[in-house]
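# Mind folding the following:
(2 chains)
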Amino acid sequence: MAITRRELITTIAKAGVPAAVAVTAGCGTLQAETIPVPSAAVGLLYDATKCIGCKACVAACAEANGTPPDTRGDALHQAPSDLNDLTRNIIKLYKPADGSPISFVKRQCMHCLDPACAAGCPFQALHKDPETGVVSWTAEKCIGCRYCTITCPYHIPRFQWQGFNPRVTKCELCSHRLEKGLKPGCTSVCPTGAVIFGPRSVLVMEAQQRIRNTPGRYYQDRVYGETDNGGTQALYLSHVPFEKLGLPELGSESVPARTLRWQRRLYQYFAMPAVLYVGLVQVIRRSLKGHEQEAHEQEKETGLRAQL
Amino acid sequence: MNRAPLNDDRWRRAVPVYGFPVVNGFFIGLSVLILLAFILTAYRELAGLGPVSGMNDAYGWGIWKTFNVMVLTALGSGAFAVGISAWVFRRKRMHALMRMALLTSFLAYACGLLLLGIDAGRPWNFYWIVFPWKWNMHSPLAEVAICMSIYAMIPLAIENLPPLLERLWYFDSRLRPGVEKFERRLHACFPWIIAAAYLLPGMHQSSLGALMLLAGERVHPLWQTPWLPFLYLGAATFMSFGCVAGTTMLCCLVWKRAMDMEVLDDAAQITAWLIFGWLGLRLLDILFRGALGTAFHFDRFAAVFWLEMILISAGGWLLRRSLLHHDKRHMFLGYVLSSLGGMIYRFSPTTLAFRPNPEALYFPATTEILVSLGFISLGVAGFLVAVKRLAILPAPLHAWYDMASYFRFRRPYIRWTGYFKFGYFGDDEPKAVQSD
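So this is what the prediction gives:
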């Protein structure tokens, strides 16, 4: 009983060797390290310099998705102040106090290549389509934990706070229209072409072409979403800093890959926990033997039934 | 082992709290809160989360998750932390606290899980939990939800069986062969069960911290760190020691039991080391990430940070001090302060130090607080019933004989509750009968 420390060290050593092997062997195939672009990735390109803020896309989005107009603001007009359980798409205005240029911004799901919402979703209710790359929500799998509203770096998924059967609302790129060969609702009505729909690769080229044609017009001469957050399928061009439009600078690595690296590595193939478990069983088996013996000695001494 | 007891206050046996009625004014108050919480829960299931809580689009998680689960299961990790010190590191004195630890853990987890089910918007979809191939294996939340429910329902529940079996054994001599057979089988599989009871909380208590990793920049830099899972686990260890030892001390005070300072000193020593180790790691982490500057900004985050730091270090200091003078008052205060500090730490990343993209405020609604309180009351009420009906609370050996004579002479008419079987209490023990 007295060799606790030595026994502990040897047990850890015994447990550690195969664990280290298993985990390092597993690391090569860690899925999250490389983010593949889906084969038929489609997306949106929004150019803030072209947007006139007419909000036709907001109405078209509601119509295309069959959501009732959100008139909760003044009980008359469809005027949601932000994305919410009835609003998948919204136009917002950035108006700095110092009189520098204003900008509209269209907010909807970015359809990240490595979505944080899907990485956190416990039962894969939020799921990225392997072909089109559309991130969509499945009612039958969602437990309503609202973790997606915590994880999304763009703060897109919204939970329905009223009613016994709440839903999570987010842009699903009108996948029901795509199946019929139609464009998403918002892109089909935009009068100035500020938001366009197409394959992601084509949109990236188009955006780069615009930057080349008018150098200095766009912020940092770059497309937001080409590499940001591991790449997104909704791309943005803007003349004001992206941060002002609610598009944070997240770096080129996706949020899940950056933050869950060690978490994923530790649980890879469940190797580490399994080895730890076996080690624990060994130690506890010996402790239990000693403890039972002591309990029986005490039983003899006191004449009272042992309490294990 | 046959030496005469040096210290008559040594805790040698778990003894039920006898001579106090279960139903008293306090218990009725708890029952009212529980009933109210159940009624409000029914309303919540019909009306949705919005009408009963202060949660909004910016703060998707309210106190049901962030306090009742994140904070209270940390206090209820006693079965993990005290258990590891007793079974893995073989601090034998800790065995005296094990039944308290197991009971508080089970109640904290059970009440937390119940509230988790109420907090979920679409709880009927929880059935996916039985299809492992549908899990998102890399999601920290899946890890927490699955691991926590399995832990509370299987290893932790089984670990809590011995006091119940013991009661059956004393209840009726006809049950004894069956109970003994079952106990033998249980003991045979104990190593696997106990090991699972340490692995699983180690996994989900750290994954609770990993939950907030995905929130990225929205958690203030004083809290957001890759070490968050480890710090969450560390906070759970010293908080749960505080909860188990502090609750035991409080019970001894309330029900006038002797305190075994050998056991309590040992627990305080372990807790103090855990606290200082944790504090060191936390400060080093902040220092190396270069976030220390934000602690000196004049804002609410710095205030919360310093409150947490001061409470935890003051608690640790009081515990060290209590060891020098065997001072129960300082020890208890040390446990309370360090646990409060730990509670603030566990509460911060999701709520106090959470900065949602559009600035927004969250304050729990009255109904939300009442439901939260109701489920805490459920745990407290369960605890009160358990310590008064089962052998949970440790006591000196003489307390057992005191209880036997109490029931023989003062309450001879109570025949239906296990330990209290008239006339067959103290002297119906197997060894005592042989020696007659």
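# With adjacent residues omitted, what lies nearest to residue B:142?
For residue B:142, ignoring the flanking residues on the chain, the nearest one in space by Cβ to Cβ, 6 or more residues apart in numbering or on different chains is residue A:122 at 3.6 Å. In this view, the C-beta of every residue, glycine as well, is placed from N, C-alpha and C.
# how about the one you found, what does it touch?
For residue A:122, the residues meeting the contact criterion (Cβ atoms under 8 Å, 6 or more residues apart in numbering or on different chains) are A:143, A:145, A:147, B:135, B:136, B:139, B:141, B:142, B:145, B:146.
# mind running it again at 6 Å?
Contacts for residue A:122 (Cβ atoms under 6 Å, 6 or more residues apart in numbering or on different chains) come out as B:136, B:139, B:141, B:142, B:145.
# likewise residue B:125?
Remark: with contacts taken as Cβ under 6 Å, 6+ apart, residue B:125 is in contact with residue A:143.
# Can you tell me how far it is from residue B:370?
Distance, residue B:125 to residue B:370, by Cβ to Cβ, to the nearest Å: 27 Å.
# in what helix or strand does residue A:127 lie?
Here residue A:127, judged by DSSP states H and E, is contained in strand A:126-128.
# name the element residue B:274 belongs to?
Assigned by DSSP H and E, residue B:274 belongs to helix B:261-289.
# anything in that helix near chain A?
No - Helix B:261-289 does not reach chain A (Cβ under 6 Å from any Cβ of the partner chain); its nearest approach is 13.8 Å.
# Show me what counts as buried in that helix.
Within helix B:261-289, the residues that count as buried by 16 or more other Cβ atoms under 10 Å in any protein chain shown are B:261-268, B:270-272, B:274-276, B:278-279, B:282, B:285-286.
# Which residues does the strand holding residue A:127 contact?
For strand A:126-128, contacts defined as Cβ under 6 Å, 6+ apart pick out A:115, A:117, A:118, A:135, A:137, A:148.
# can you do 7 Å?
With Cβ atoms under 7 Å, 6 or more residues apart in numbering or on different chains as the contact definition, strand A:126-128 has outside contacts at A:115, A:117, A:118, A:135, A:136, A:137, A:138, A:148.
# Tell me the helix or strand right after it.
Where DSSP H and E defines the elements, the next helix or strand beyond strand A:126-128 is strand A:135-137.
# so how many other residues sit close to the nearest residue to residue B:382 once chain neighbours are set aside?
Using Cβ to Cβ, 6+ apart and skipping residues adjacent in sequence, the residue nearest residue B:382 is residue B:107, 5.0 Å away. Summarising burial for residue B:107: neighbours were counted as other Cβ atoms under 10 Å in any protein chain shown, giving 22.
# so which strand or helix has residue B:322?
For residue B:322, the enclosing helix or strand under DSSP H and E is helix B:300-325.
# Give me the buried positions along that helix.
For helix B:300-325, by 16+ other Cβ under 10 Å, it's B:301, B:304-305, B:308-309, B:311-323.
# Tell me the secondary structure of residue A:141, please.
Three states are possible here, and by DSSP: H, G, I helix; E, B strand; the rest coil the one that applies to residue A:141 is coil.
# Run through the residues that contact the nearest residue to it once chain neighbours are set aside.
Closest residue to residue A:141 apart from its sequence neighbours, by Cβ to Cβ, 6+ apart: residue A:125 at 3.8 Å. Contact partners of residue A:125, counting by Cβ under 7 Å, 6+ apart, are A:137, A:138, A:141, A:142.
# How about residue A:155?
Residue A:155 is in contact with residue B:357, counting by Cβ under 7 Å, 6+ apart.
# so which strand or helix has it?
Secondary-structure assignment from DSSP H and E places residue A:155 in no helical or strand segment.
# how about it, phi and psi?
phi 60, psi 50 (degrees, to the nearest 10).
# try the one 10 residues further on
Main-chain dihedrals, residue A:165, degrees, to the nearest 10: phi -120, psi 70.
# Give me the nearest residue to residue B:45, chain neighbours excluded.
With sequence-adjacent residues excluded and distances taken as Cβ to Cβ, 6+ apart, residue B:45 is closest to residue A:164, at 6.1 Å.
# Look at the one you found and report its pLDDT.
The per-residue pLDDT reported for residue A:164 equals 92.
# Parallel or antiparallel, list what pairs with the strand holding residue A:127.
According to DSSP bridges, strand A:126-128 has the following sheet partners: strand A:135-137 (antiparallel).
# Number of residues surrounding the closest residue to residue A:113 other than its chain neighbours?
Leaving aside its sequence neighbours, residue A:113 sits nearest to residue A:231 (Cβ to Cβ, 6+ apart; 4.2 Å). Number of residues near residue A:231 (other Cβ under 10 Å) recorded here: 23.
# residues in contact with residue A:231?
Contacts of residue A:231 were listed using Cβ under 7 Å, 6+ apart, and they are A:35, A:37, A:113, A:225.
# Now the phi/psi pair for residue B:56, please.
Dihedral angles of residue B:56 (phi, psi; degrees, to the nearest 10) stand at phi -140, psi -180.
# who's in contact with it?
The neighbours of residue B:56, taking Cβ under 7 Å, 6+ apart as the test, are B:360, B:362.
# Got the confidence number for whatever residue of the stretch 51-200 of chain A ends up closest to chain B?
Per Cβ to the nearest Cβ, the residue of the stretch 51-200 of chain A with the smallest distance to chain B is residue A:144, at 2.2 Å. Confidence at residue A:144, expressed as pLDDT, is 94.
# Beyond the helix or strand where the residue nearest to residue B:382 lies, next helix or strand please.
Secondary structure assigned from DSSP H and E places residue B:107 in helix B:98-119. Under the assignment DSSP H and E, the closest C-terminal helix or strand after helix B:98-119 is helix B:140-153.
# So what touches that following helix?
Residues from elsewhere that reach helix B:140-153, judged by Cβ under 7 Å, 6+ apart: A:120, A:122-123, A:145, A:147, A:263, B:106, B:109-110, B:113, B:129, B:135-136, B:197, B:200-201, B:203-204, B:207-208, B:210-211.
# What's the mean pLDDT across the helix or strand following that helix?
Once the chain leaves helix B:140-153, the next helix or strand it forms, by DSSP H and E, is helix B:155-159. For helix B:155-159, the mean pLDDT works out to 96.
# Off-centre distance for helix B:155-159?
Averaging C-alpha positions (Cα atoms, centre = their mean, to the nearest Å) puts helix B:155-159 14 Å from its chain's average.
# That helix close to chain A?
No - contact check for helix B:155-159 against chain A, using Cβ under 7 Å from any Cβ of the partner chain: none in range, with a minimum separation of 10.8 Å.
# okay, that helix in PDB with CA atoms only?
Once non-C-alpha atoms are left out, helix B:155-159 reads as follows in PDB (Å, rounded to 0.1, in the frame of the first residue of the first chain):
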ATOM      1  CA  PRO B 155     -21.400   5.500 -12.400                       C
ATOM      2  CA  LEU B 156     -22.500   8.200 -10.000                       C
ATOM      3  CA  ALA B 157     -25.900   6.600  -9.300                       C
ATOM      4  CA  ILE B 158     -24.300   3.200  -8.700                       C
ATOM      5  CA  GLU B 159     -21.600   4.800  -6.400                       C
END
